[in-house]
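A.B. asks: Provide a 3D model corresponding to the input given below.
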Amino acid sequence: MRLAWGSQLTIEAQDQPSAFAAVVEQVPNLALRVPKASDLAFQVNLPKESAVIHGMRINRITKWNNLQARIWHQAIAQTKFYALVETDFSTDATRTIPIGTGTRGVAGEVLAELKGFVEYGFGHLVETAQ
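C.D. replies: Down below sits the predicted model:
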């Protein structure tokens, strides 16, 4: 068995440059100062060794983007801008977990990693990467 949890989190921005800046602000050490840049995509996996099952890797993938959306409400279109982060926290695809062999512990561990990211941000993943 393989366990995975994902999420999509957004930060609304005033305009496209503000959405771009919000992504850069959320990712430590991502120093992009490009005044005319309009699109940003950044993905990284900061895996961590499982504390529950020896040799099991927990993937902690985050994908950062800036996003422009057209939202229609009662025939009126509105443009909105967002900084978007998608997460994929999962057990290693190359190794499966037999059901009953620490499954609950690993599930709790993966969820705790996702909760830590939501509460403490990307810096938490960098600090705890192995």
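A.B. asks: report pLDDT for the residue nearest to residue 93 when sequence neighbours are not counted.
C.D. replies: Leaving aside its sequence neighbours, residue 93 sits nearest to residue 2 (CB to CB, 6 or more residues apart in numbering; 6.5 Å). All C-beta atoms are positioned from the backbone trio N, CA, C, and that covers glycine. On pLDDT, residue 2 comes in at 79.
A.B. asks: tell me which element residue 2 is part of?
C.D. replies: Using DSSP states H and E, residue 2 sits within no helix or strand.
A.B. asks: and for it, the neighbour number?
C.D. replies: Neighbourhood size, residue 2 [other CB atoms under 10 Å]: 12.
A.B. asks: settle this for me: residue 19 is touching residue 25, isn't it.
C.D. replies: No - counting by CB atoms under 8 Å, residue 19 sits too far from residue 25 to count as a contact (10.6 Å).
A.B. asks: quick one: which of those two has more around it?
C.D. replies: Legend: neighbour count by other CB under 10 Å for residue 19 and residue 25, higher for residue 19 (25 against 12).
A.B. asks: can you give me the strands for the chain?
C.D. replies: Applying DSSP state E to the chain gives strands spanning 4-13, 41-45, 48-49, 57-73, 76-91.
A.B. asks: so what are the sheet partners of the fourth one and their directions?
C.D. replies: In this case it means strand 57-73. According to DSSP bridges, strand 57-73 forms sheet pairs with strand 41-45 (antiparallel), strand 48-49 (antiparallel), strand 76-91 (antiparallel).
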